[in-house]
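> Take a look and give me a structure for this.
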Amino acid sequence: MTRVFVYGILKKGQPNNYRMFDNNNGKAEYLGLAFTIQKYPLVITTEYNIPFLLNIPGQGHRVHGEIYKVDDQMLKFLDTFKSVPTLYQRTVVQLEVKEWVGKTEGEEKVSPGSITTYTTTMYEPEWPSLPCYESYDSEGDHGLKYRCREERD
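I've put the predicted structure just below:
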């Protein structure tokens, strides 16, 4: 099992959270809330208003998200869904846990450096200068409504 930090459209209440619990994709268990120890730019861009975590440590904000424990099948699904390695890359980040609800007997809280997330190093030159967010919400005050894959041409 791998622990994954999600910060965008896969979080609870967001358009693609259901994918985390579709057994056809694999297994996922919600473990808790956390935020990155380092700052990263979380930007919303493209014609589909997709949230991207740019792999530029030290810029932006400490990003808030959720920790899930996923099996190999779900991890493979997430890699495909996130278009790894062309659009996103797996990156290990250090987190500070805000809330832990992991239910597994003997489950330890996350240790620094042990969490995988999806960041991008392949971005347009103007992306680092876009507004950065601490937390993503597809219906947020930013006014940039996410366009689900099913709604795209």
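> downstream neighbour of the helix or strand of the chain with the lowest mean pLDDT in the secondary structure list?
When each helix and strand of the chain is scored by mean pLDDT, DSSP states H and E, strand 95-100 comes last, with a mean of 89. Using DSSP states H and E, the helix or strand that follows strand 95-100 in sequence is strand 115-119.
> Pull the number of nearby residues for the residue nearest to His142 when sequence neighbours are not counted.
With C-beta to C-beta, 6 or more residues apart in numbering as the criterion, His142 has its nearest non-adjacent residue at 6.1 Å, and that residue is Ile44. No exception for glycine: its C-beta is placed from N, CA and C like everyone else's. Using other C-beta atoms under 10 Å, Ile44 has 22 neighbouring residues.
> what helices or strands is the one helix or strand Ile44 maps to leaning on?
Element membership of Ile44 [criterion: DSSP H and E] is strand 42-45. The contact analysis (3 or more C-beta pairs under 8 Å, 6 or more residues apart in numbering; DSSP states H and E) places strand 42-45 against strand 50-53.
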